[in-house]
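Trainee: 3D model of this:
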Amino acid sequence: MAERSSIEWTEATWNPVTGCTKVSPGCAHCYAETFAERFRGVHGHPYERGFDLQLRPERLEQPLNWVQPRTIFVNSMSDLFHEDIPQAYIRSVFHVMRKAHWHTFQILTKRSERMAELAPRLPWPRNVWMGVSVENQRWTARVDDLRCVPAKIRFLSCEPLLGPLTLDLRGINWVIVGGESGARARPMKAEWARHIRAQCQAQGVAFFFKQWGAHNEVGERVGKTRSGRLLDGRLWDAMPRPLGERY
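Mentor: From the prediction side, this is the model:
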């Protein structure tokens, strides 16, 4: 059985790698690191080594045993294009995704340069969606790298959204926006989310508002549960369609 996920835009997670290192401001309060480090030193626990990068070859073929089709977030506890993951191992992950054709796999990276470098050497079946994280304007070059990837669906995760974004969405199918959660969460301004929504609507791209996070629409710290998912009084849960179909 796939590990079910509470992440609003997916159904399950698969972690053939765990652990990571920080590369940009969006990593500062990483939820995965916070979770994994709670178990550092606990003998026999999967996260006995905390958030140290670890290949998990025993998990590689897990999706082949999951009969029920799922939308699966790949490496929710890592980054598949981390510089310390061997190319051969990344190719193994892609070969499993190609074999498990009844699932949909979603990959998200902050290491877009390595993703673009390796893309020509990887198989890109239609059931693999590729995304990059873009937390503020400084990191929009990741979108250009993503356009080089021959994935059927290309998407952006603007979470945690840390500043206003002006985006060129050519070749992009889907944009996810969300605020930051946790004790040290930085607030997201409502106008940032609205501006991205307007750009998606103008450019025919699906817009998904994931959450406000620890702060609500007016910047008050109220906690993730109370802040909710409504933007201007409604849910925005659009899912991607092939390029050329408008929303």
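Trainee: Got the confidence number for residue 4?
Mentor: You'll see residue 4 listed with a pLDDT of 82.
Trainee: check contacts around it.
Mentor: Applying Cβ atoms under 8 Å, 6 or more residues apart in numbering to residue 4 gives the contacts 11-12. C-beta coordinates here come from the backbone N, C-alpha and C atoms, glycine included.
Trainee: where's it relative to residue 13, distance?
Mentor: According to Cβ to Cβ, to the nearest Å, residue 4 and residue 13 sit 8 Å apart.
Trainee: so residue 196 is in which element?
Mentor: Using DSSP states H and E, residue 196 sits within helix 190-203.
Trainee: what packs against that helix?
Mentor: Using 3 or more Cβ pairs under 8 Å, 6 or more residues apart in numbering; DSSP states H and E, the elements in contact with helix 190-203 are strand 174-178, strand 206-211.
Trainee: What angle do strand 206-211 and that helix make with each other?
Mentor: For helix 190-203 against strand 206-211, the angle by axes from the mean of the first three to the mean of the last three Cα atoms, to 10 degrees is 160 degrees.
Trainee: Comparing the helices and strands packed on helix 190-203, which stretch has the densest surroundings?
Mentor: When those are scored by mean count of other Cβ atoms under 10 Å, the highest mean neighbour count falls to strand 174-178 (a mean of 25).
Trainee: hang on, the earlier thing: distance from the helix holding residue 196 to the middle of the chain?
Mentor: Chain-centre distance of helix 190-203: 19 Å, with Cα atoms, centre = their mean, to the nearest Å.
Trainee: just stretch 214-221 next, same as before
Mentor: Between the centre of stretch 214-221 and the centre of its chain there are 23 Å (Cα atoms, centre = their mean).
Trainee: what does it contact?
Mentor: 179-183, 185, 187-190, 222-224, 226-228, 231.
Trainee: Which stretches in the chain count as strands?
Mentor: 3-4, 12-14, 17-18, 54-55, 71-74, 104-109, 128-133, 153-158, 174-178, 206-211 (DSSP state E).
Trainee: could you redo the ones you listed as a markdown table and give each row distance to residue 116?
Mentor: Formatted as a markdown table, these follow (distance: least, Cβ to Cβ, whole Å):
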| stretch | distance to residue 116 |
| --- | --- |
| strand 3-4 | 29 |
| strand 12-14 | 23 |
| strand 17-18 | 19 |
| strand 54-55 | 22 |
| strand 71-74 | 17 |
| strand 104-109 | 10 |
| strand 128-133 | 10 |
| strand 153-158 | 12 |
| strand 174-178 | 19 |
| strand 206-211 | 23 |
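Trainee: And residue 58, how far from residue 12?
Mentor: Taking Cβ to Cβ as the measure, residue 58 falls 18 Å from residue 12.
Trainee: Also residue 197?
Mentor: The gap separating residue 197 from residue 12 is 27 Å, by Cβ to Cβ.
Trainee: repeat for residue 176
Mentor: Counting by Cβ to Cβ - residue 176 and residue 12 are separated by 17 Å.
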